[in-house]
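**Q** Based on what follows, work out the 3D shape:
(2 chains)
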Protein chains: 2
Amino acid sequence: MGENGNLNPVTLEGPVCPLPLQPTEYVVLGHGSGGKLSRDLVTKLFLPPFDNPILRAGDDAGIVGIAGSRLAISTDSHVVTPLFFPGGDIGRLAVCGTVNDLAMMGATPRYLTVGFILEEGLEMRVLERVVASMRAAAQEAVVQIVAGDTKVVQKGKADGLYINTAGVGSVADGVEIAGANARPGDVVILSGAMGDHGIAVLSARGELDFQAQVTSDIAPLNHLVGEMLTAGADIHVLRDPTRGGVATALNEIAQQSNAGIILDEAHLPVRPAVAAACEMLGFDPLYVANEGKLLAVVAPGDAERVLRVMRASLYGQGAAIIGHVVTGPRGRVLMRTAIGSTRVVDVLAGELLPRIC
Amino acid sequence: MGENGNLNPVTLEGPVCPLPLQPTEYVVLGHGSGGKLSRDLVTKLFLPPFDNPILRAGDDAGIVGIAGSRLAISTDSHVVTPLFFPGGDIGRLAVCGTVNDLAMMGATPRYLTVGFILEEGLEMRVLERVVASMRAAAQEAVVQIVAGDTKVVQKGKADGLYINTAGVGSVADGVEIAGANARPGDVVILSGAMGDHGIAVLSARGELDFQAQVTSDIAPLNHLVGEMLTAGADIHVLRDPTRGGVATALNEIAQQSNAGIILDEAHLPVRPAVAAACEMLGFDPLYVANEGKLLAVVAPGDAERVLRVMRASLYGQGAAIIGHVVTGPRGRVLMRTAIGSTRVVDVLAGELLPRIC
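**A** Now for the predicted structure:
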């Protein structure tokens, strides 16, 4: 399209210098991937106008002071398709997503809000199932839903339903967990196998030729975090590797902490069914979404103790040390591969699986 | 459709007893109206599973205790169409909506979260305009945006963009404002003219034959509330009459307080252009949405003082006493009409204007 918006073929006569369409002129699916395009959107479009030190920290939740206490505040919208899949549904996802964002700051999640956007014609019994699932997840996480809102849009203007949750948690004195706190020498622990959520949702879409026996890992991680904190270990960073997977979450930590991270490929936990599905699809499990896993960056002397506590907890049974923090290359994640070479593990560039959460 | 889902015409042979389609089997636009169907959805579908005393109070925000302080927490999703209209846009609406919900509990709004659901193909400059508008509204309200989330759905799965905001505010000691606190004898004050927002959005849709010179009233009302509280008046209830209008908000208060409310039609403030548009459309301005107005129920001895304070404030200049609280009929709103009769003012039954906020 020329500068004047006409659709005639570009001629090379006259002062016409057509530029390729900038991918940043329109929203594309990759802006919701959790990877590079998402980060670009945040840093270029959202951060400049809304800038403040809390938002700038770039963590899973904002830490604020109010009336003398420290609170963590977070939000997530959920647009997963299909609404129900092995191991979970949009309701469980909506509760656990925000609970986990709060827990990743070392906060005790307390209160949630829920905003529904419903499509006209949605079956009421679908909504009832989703709400029942939210109730069960909230009970498991021990959080209360204290405010809600419902909007309805015309048929064709949503995809069944979308759910936003926001949450507030309290942060105990002395807890200082943030993406910027990783230090060279720290040990990187992953709480269990990678990629279960992404592959489970994909299999529910019928996009796999085989029946992957994979169940989503969606879970509230606040009790696991509580046990890790109670153990008195020196935990520097916690992060749940959701959209963009473990690779993207570790890149964020490396950049926030201005340090390097080295992974050991041989120690990365992946279930055989997930590995097989990824191989078939050309996916790397490092980039596939998780919804019930956490990364912990802990002081080296405390790593074994944290690992023991995690393995004794329901949602940390598969915990493993997967790497460690180094001085550099700063802001980068490297991986020692099984065959002994080292390669760069970058953030997710495009969009692996749209509408995964 | 028969019980087995076939589309054959119903025959009256055999044990077939077709029942009319229950309006509650599917979500309809009226479930988002803020009126009777919205209330049914909340009381029948959301409240039973999520039940707790905070939610049961049915106010604009939940009041919670955390680490020894009282907080108000609220959320609103916004799906208004079109995205831009005279006097505002979805961004200003999203910030003011949640700020006002907090202010209606007498809270000082402090922190907001923002969740965007973007449709693939949305022009980035549209998003930039919306974000700039959110920034301006947040600056005016003096609140910080401390957490955000962005999801992208495929073309055709949203309508440009939807925005959820959630907010946290602090409630000072001694402030006890709630929908249940209206007492017989109390005076009902409305902060200005009714229906501006609804008619402004409608006119932007091109659905009016004439050009209504009406601008939306969207505004953050927290400074007005702050001034009313500082005046030391005995304020029992505050509520912003958004979806469902003044009529629906007053019915909620009457029911929560188990009291009656009598309005004086002659004192209801409506701009001539809004009155004309409503007359043409067959709307009653009492049911048309406002986004920068509040209802205050105050002790009779303090009414004149509150009115003076409100009229001196930017967003309360048109404040007027519109009625008072009586013992009964409990849970009902009545109106003395201009011709001297009395009629019942019920909640909105269906859907007046879909996607107004």
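**Q** So, low pLDDT: which residues of chain A?
**A** For chain A, the stretches flagged by pLDDT under 70 are A:1-23, A:209-212.
**Q** Give me the contacts around the longest helix seen in chain A.
**A** Using DSSP state H, we find that the single longest helix of chain A is helix A:124-141. Applying CB atoms under 8 Å, 6 or more residues apart in numbering or on different chains, the external contacts of helix A:124-141 come out as A:83-84, A:88-92, A:94-96, A:99, A:109, A:112, A:114, A:116, A:118, A:144-145, A:160-161, A:163, A:220, A:222-223, B:24-27, B:45-46, B:49-50. C-betas here are computed from N, CA, C, even on glycine.
**Q** Any of the residues you listed buried? List them.
**A** Applying 16 or more other CB atoms under 10 Å in any protein chain shown to the contacts of helix A:124-141, the neighbour count classes A:83-84, A:88-92, A:94-96, A:99, A:109, A:112, A:114, A:116, A:118, A:144-145, A:160-161, A:163, A:220, A:222-223, B:26-27, B:45-46, B:49-50 as buried.
**Q** I'd say residue A:266 and residue A:338 touch.
**A** Yes - with contact defined as CB atoms under 8 Å, residue A:266 reaches residue A:338; the gap is 5.4 Å.
**Q** and residue A:166, how many residues sit next to it?
**A** 34 (other CB atoms under 10 Å in any protein chain shown).
**Q** quick one: buried residues of whichever strand or helix holds it?
**A** Assigned by DSSP states H and E, residue A:166 falls within strand A:161-170. Residues of strand A:161-170 classed as buried under the neighbour-count rule (16+ other CB under 10 Å) are A:161, A:162, A:163, A:164, A:165, A:166, A:167, A:168, A:169, A:170.
**Q** tell me the contacts of the closest residue to residue A:50 other than its chain neighbours?
**A** The spatial neighbour of residue A:50 that comes closest, neighbours along the chain excluded (CB to CB, 6 or more residues apart in numbering or on different chains), is residue B:145 at 4.5 Å. By CB under 8 Å, 6+ apart, residue B:145 lies in contact with A:50, A:52, A:55, B:111, B:112, B:113, B:114, B:134, B:138.
**Q** Extract the C-alpha trace of the helix or strand that the fifth one is a member of and format it as PDB.
**A** Secondary structure assigned from DSSP H and E places residue B:112 in strand B:108-119. Below are the C-alpha coordinates for strand B:108-119, written out as PDB (Å, rounded to 0.1, in the frame of the first residue of the first chain):
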ATOM      1  CA  THR B 108      -8.500   6.400  48.700                       C
ATOM      2  CA  PRO B 109      -7.600   4.600  45.500                       C
ATOM      3  CA  ARG B 110      -3.900   3.800  45.300                       C
ATOM      4  CA  TYR B 111      -2.900   1.100  42.900                       C
ATOM      5  CA  LEU B 112      -4.400  -0.300  39.700                       C
ATOM      6  CA  THR B 113      -3.700  -3.400  37.600                       C
ATOM      7  CA  VAL B 114      -4.500  -3.500  33.900                       C
ATOM      8  CA  GLY B 115      -5.200  -6.500  31.700                       C
ATOM      9  CA  PHE B 116      -5.500  -6.100  28.000                       C
ATOM     10  CA  ILE B 117      -7.200  -8.500  25.600                       C
ATOM     11  CA  LEU B 118      -6.200  -7.400  22.100                       C
ATOM     12  CA  GLU B 119      -7.600  -8.500  18.800                       C
END
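**Q** Is chain A within reach of it?
**A** Yes - interface with chain A: strand B:108-119 contributes B:110, B:111, B:113, B:114, B:115, B:116, B:117, B:118, B:119 (CB under 8 Å from any CB of the partner chain).
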